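> Structure of the sequence below:
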Amino acid sequence: MNLIIETPRLILRPFEKSDAEELFDMDKNPNVHKYLWLKPVESIDEVYASIEMVQKQYEERGIGRFSTILKETGELIGWTGIKFVNDHVENGNTNFYDYGYRLNEKFWNKGFASEATKAWFDHGFNEMKIETMHAYTHAENGASNHVLEKYGMQFMEEYTAEDGINWKWWQMKNPFL
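As a prediction, the model looks like this:
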């Protein structure tokens, strides 16, 4: 996959196996998983498996989550991006485009999620011509809920997943179609 997206401070590029150590550092942190099923990764092998799964999504769908790199230092700060969800049902839906992100804790509250979100929405709606973008967030994750609302996502409903966790379901229609 050759797609690279740049913002003023970030480079968004496909996952590489060499990202595993920095992704592991992020995903083993319980604070990062506070709103993500409370299941931090325990071994780097889990990260390698995730990288392979995402790379398969690139091949099958031409899109997936991307490593998000800080231009100034070259550090991987997390991942952001659009994926096509066809491997499970979420809030009664499957076969939809989903926007999501996860950042390492030391990069929270610096505007990186907002910057990446704007870039991905521009790409998804202008380049990919996605008709409707979805997202789902933990109901109590105020920061992520704020980012989605700030960039035009509409809160549709709150739902309870099979595991008893309350989530918010978001949607945005392509404003250019």
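
> Identify the residues contacting Glu72.
Contact analysis of Glu72 by CB atoms under 8 Å, 6 or more residues apart in numbering lists Arg9. In short, each C-beta sits where N, CA and C put it, glycine included.

> Which of the three states applies to it?
Look at Glu72: counting by DSSP: H, G, I helix; E, B strand; the rest coil, its state is coil.

> Show me where the protein has its helices.
Secondary structure of the chain by DSSP state H: the helices cover 20-27, 44-61, 112-122, 142-150.

> Can you name every helix or strand that the last one contacts?
The elements that helix 142-150 packs onto, with contact taken as 3 or more CB pairs under 8 Å, 6 or more residues apart in numbering; DSSP states H and E, are helix 112-122, strand 132-138.

> Tell me which of these lies nearest to Lys28.
Put simply, out of those the one that sits nearest Lys28 is strand 132-138, at 19.1 Å, with distance taken as CB to CB.

> List the buried residues for that closest one?
Met133, His134, Ala135, Tyr136, Thr137, His138 (16 or more other CB atoms under 10 Å).

> Look up how far Ile63 lies from the closest residue to Asp25 other than its chain neighbours.
Nearest-residue entry for Asp25: Asn104, 6.7 Å, with adjacent residues in sequence omitted and distances by CB to CB, 6 or more residues apart in numbering. According to CB to CB, to the nearest Å, Asn104 and Ile63 sit 23 Å apart.

> So Ala113 sits against Gly100, correct?
No: with contacts counted by CB atoms under 8 Å, Ala113 stays clear of Gly100, the gap being 10.4 Å.

> Surely Ala161 touches Trp167?
Yes: under the criterion of CB under 8 Å, Ala161 lies in contact with Trp167, with a separation of 5.9 Å.

> Counting neighbours, go ahead and name the busier of these two.
Shown here are Ala161 and Trp167; by other CB atoms under 10 Å, Trp167 has more neighbours (19 against 13).

> who's in contact with the closest residue to Thr117 other than its chain neighbours?
With sequence-adjacent residues excluded and distances taken as CB to CB, 6+ apart, Thr117 is closest to Tyr151, at 5.0 Å. When contacts are counted by CB under 8 Å, 6+ apart, Tyr151 is found next to Ser114, Thr117, Lys118, Phe121.

> Can you get me a residue count around the residue nearest to Asp25?
Asn104 has 21 neighbours, counted by other CB under 10 Å.

> contacting residues for it?
With CB under 8 Å, 6+ apart as the criterion, the residues that contact Asn104 are Glu22, Asp25, Met26, Asn29, Val32, Leu76, Ile77, Gly78.
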